[in-house]
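Student: what would the 3D arrangement of this be:
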Amino acid sequence: VARTPQAQLEIDASLDDRPDRSLKSGEFAAGKVPRWDLAKASTSLRSSLLGLGTRVQFHDRRRDWNSLSVDWLITTPAATIRPETGEIDLDEVWRFPVGAEPVLRVVAPAGATGKVRWFRLDPARPAYDSLPETGLGKDFSAAPARWIHETRDYLGESRDFLLDPAVWKSGEPGRVRILAECETETGWISAPAVELRFCQGDGFRAALSECFGMPYVFGIAFARKGDLSGVETGWGSDCSNFLIHAWRRQGLPLAWGDPGILRRQLETRREKATLSDRVPLDADEIGRGVVIDFGRHVAAFWEDREPFGSLGPEDLLAHHLGGFPEITSLADLAAKRPVFAVRVTKAGSGIRLALAGDVVLSGKERAVIPGFGHGGADLFLANLEGVPSLFAPEGKPRFDFRFPAERLSFLREKGLDAVSLANNHALDAGRAGLLEGLKSLQSAGLPSFGAGEDESEACRPWRVERKGVKIAVFGVSLLPGNEAGPGSPGVATLPNHETLLMREFSESRRRGERIVVLVHGGDEYRTEVNEDQRRWARWLAAQGVSIVSGAHPHVLQREERHGGTTVLHSLGNAVYPAELKGSDSGAIRIVELP
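Tutor: Next comes the predicted model:
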């Protein structure tokens, strides 16, 4: 089950209540029948069952599984695999360029001996059909299997928790999945598989190359794993979604689907082309991604060969059809499909956003990062940390970021269009101070979002239009406290307002608005993105958000693109009290709306 991602495990511990008609039953006549007690499961079994997460279900009239699993989580030792370098991405993948394969380490619990058994997971078959009822999968692969499954190949044993990449690396782009078992004082426990992707080149081409080694899965567009979908589940890809995944990795929000759905999301350069037409292509177009559309099959332009600058039989294409992704020449694919179309991505919105991190206007002297301003962008947004009110705080904040309302003129002078108040300092002047601050912002002509007199207002976006493009801007805090209630002022927070925000996002999509979210969360003064940030960035991407811009850590954190969403995890401090740590840590990012 652990190596079959579509599978669920159900254990019914009450089935032995039925009459036992087995040959063995005679031995226990009139005696006590042995019963398997789940609570006495071994450490190894507990570890394996917990590793299945929500894919395991227990039915036991004598015992509550939820309570038992919580106890197990507390008492069962756990291990994870972590590369010695790098940082995990939103889709739970570690990415590296080819040639930078990392040493892997098992992060083990106390009492671990250091002995680790290592395994590599590989697809059991090159092709699968997750929609066998349609009968269409057989058109693309001979006798595809129904259930996606992985084989477990033994790599060896180490005694220092480490695995040298020389044991498993191939030196080629693609996917590698490594599993481990770690010895502890109470038995062997499983460390969940780590997924590594190795890329060749950059941009669109790199995103294609990381999928080499994935099996062909007919119906992958409908795959779901939590907030991940399609190829992002890691289960496999197919001809069109192989390409769609690469574009989503560049921040383009293309929908999963078959070649027809992909076709509708692209712009046509040439219809009914043949090899002799030598359709001209420039380097920028190739870098952004070019599709050769054969009708029921599509391929991506991979490498321009002499004569350069035009599409010819000698050029290489990357495609995925009925097995593992491969690179072949246009001549080979056109042998059976001599007429094709050439398609490219559509032009973006042309809207440029200037995004800043934390802006604090309290204190006597403030450090302002160079370039703080709209920089010619169409929209300039930031997180306003604190509130324009001098009302006394309801408690004693660790840092008091109240400030007089007249300082808002500085932000208007710098061209700031609107600010988020969804942060942990919105109530530094109490709830009455927040209401006063909202009025002061309105009087200053500076719109705000992410806070309000109740939860409905706090979760409502600021709506604006630029160059005919409708934009909805939200503010959300990931930190506990300060949340607005049904009748009390405060800020929009996750997970508290998950349902309300989902409703607002749905309304924005219905209106045809591009969605931007300013998020406040993460660990202060840590450059590494934490799990809470990743979890909610994944969730926001799944809601159709175009751009996520973060603040609160007071340092710069990484940028990534996932599911068609651009995520700036933290932009540091833009305006900050000069005497505080990290006052000059920020940056302004100019991002184009897709």
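Student: does Leu446 touch Ala418 like I think?
Tutor: Yes: counting by Cβ atoms under 8 Å, Leu446 does reach Ala418; the two are 6.9 Å apart. Any C-beta I mention is one placed from the backbone N, CA and C, and that applies to glycine too.
Student: the more surrounded of the two?
Tutor: Looking at Leu446 and Ala418 with other Cβ atoms under 10 Å, you find the greater number of neighbours at Ala418, namely 21 against 18.
Student: got the contact list for the nearest residue to Ser42 once chain neighbours are set aside?
Tutor: Of all residues not flanking Ser42 in the chain, Gly187 sits nearest, at 5.8 Å (Cβ to Cβ, 6 or more residues apart in numbering). Each residue near Gly187 by Cβ atoms under 8 Å, 6 or more residues apart in numbering is listed here: Ser42, Thr43, Ser44.
Student: number of residues surrounding the first one?
Tutor: Residue crowding around Ser42 was assessed by other Cβ under 10 Å; the count is 12.
Student: from Lys115, how far out is the residue nearest to Ser42?
Tutor: 12 Å (Cβ to Cβ, to the nearest Å).
Student: what's the overlap in contacts for the two?
Tutor: Shared contacts of Gly187 and Lys115 (Cβ under 8 Å, 6+ apart): none.
Student: tell me which element the residue nearest in space to the middle of the chain is part of?
Tutor: Nearest to the mean C-alpha position of the chain, by Cα atoms, centre = their mean, lies Leu90 at 3.1 Å. Applying DSSP states H and E as the criterion places Leu90 outside every helix and strand.
Student: was I right about it contacting Trp539?
Tutor: No: with contact defined as Cβ under 8 Å, Leu90 does not reach Trp539; the gap is 9.9 Å.
Student: list the contacts of Ser477.
Tutor: 422-424, 426, 450, 483, 491-494, 519-521.
Student: which one of these has the most neighbours?
Tutor: Ala422 (36 neighbours).
Student: close enough to count as contact, that one and His520?
Tutor: Yes: Ala422 is within contact range of His520, at 5.6 Å (criterion: Cβ under 8 Å).
Student: measure Val529 to Leu68 for me?
Tutor: Separation of Val529 from Leu68 (Cβ to Cβ) stands at 33 Å.
Student: tell me which of these two has more neighbours.
Tutor: Shown here are Val529 and Leu68; by other Cβ under 10 Å, Val529 has more neighbours (24 against 16).
Student: for that one, which three-state class applies?
Tutor: Assigned by DSSP: H, G, I helix; E, B strand; the rest coil, the conformation of Val529 is coil.
Student: how about the strands in the stretch 451-594 of the chain?
Tutor: Ranges of strands in the stretch 451-594 of the chain, per DSSP state E, counting those that start in this stretch, are 451-452, 462-466, 469-477, 490-491, 514-520, 547-551, 559-562, 565-568, 573-577, 589-592.
Student: with the stretch 1-150 of the chain instead?
Tutor: If DSSP E, counting those that start in this stretch is used as the criterion, the strands of the stretch 1-150 of the chain fall at 9-12, 56-59, 80-83, 93-97, 104-107, 112-123, 127-129, 150-158.
Student: so how far is the helix or strand just after the last one from its chain's centroid?
Tutor: Elements were assigned by DSSP H and E; along the chain past strand 150-158, the next helix or strand is strand 162-163. A distance of 27 Å separates the centroid of the chain from that of strand 162-163, by Cα atoms, centre = their mean, to the nearest Å.
Student: for strand 162-163, what is the average pLDDT?
Tutor: The average of the pLDDT scores along strand 162-163 is 98.
Student: which stretches of the stretch 401-550 of the chain form helices?
Tutor: Taking DSSP state H, counting those that start in this stretch to define them, one finds helices in the stretch 401-550 of the chain at 408-413, 430-443, 455-458, 498-510, 531-542.
Student: and the ones you listed: which comes nearest Arg305?
Tutor: With Cβ to Cβ as the measure, helix 531-542 is the member of the helices of the stretch 401-550 of the chain nearest Arg305 (36.2 Å).
Student: now the angle from that closest one to strand 514-520?
Tutor: 170 degrees (axes from the mean of the first three to the mean of the last three Cα atoms, to 10 degrees).
Student: which strands and helices sit next to helix 531-542?
Tutor: For helix 531-542, the packing partners by 3 or more Cβ pairs under 8 Å, 6 or more residues apart in numbering; DSSP states H and E come out as strand 228-229, strand 514-520, strand 547-551, strand 559-562, strand 565-568.
Student: and these: which comes nearest Arg337?
Tutor: Nearest of those to Arg337, taken as Cβ to Cβ: strand 228-229 at 29.2 Å.
Student: hey, C-alpha coordinates of the helix or strand following the closest one in PDB?
Tutor: Next helix or strand after strand 228-229 toward the C-terminus (DSSP H and E): helix 239-248. Extracted C-alpha coordinates of helix 239-248, given in PDB (Å, rounded to 0.1, in the frame of the first residue of the first chain):
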ATOM      1  CA  CYS A 239       1.900  14.100 -23.400                       C
ATOM      2  CA  SER A 240       0.000  17.300 -22.700                       C
ATOM      3  CA  ASN A 241       0.400  17.500 -18.900                       C
ATOM      4  CA  PHE A 242       4.200  16.900 -19.200                       C
ATOM      5  CA  LEU A 243       4.200  20.300 -20.900                       C
ATOM      6  CA  ILE A 244       1.600  21.900 -18.700                       C
ATOM      7  CA  HIS A 245       3.600  21.000 -15.600                       C
ATOM      8  CA  ALA A 246       6.700  22.800 -17.100                       C
ATOM      9  CA  TRP A 247       4.700  26.000 -17.600                       C
ATOM     10  CA  ARG A 248       3.100  25.800 -14.200                       C
END
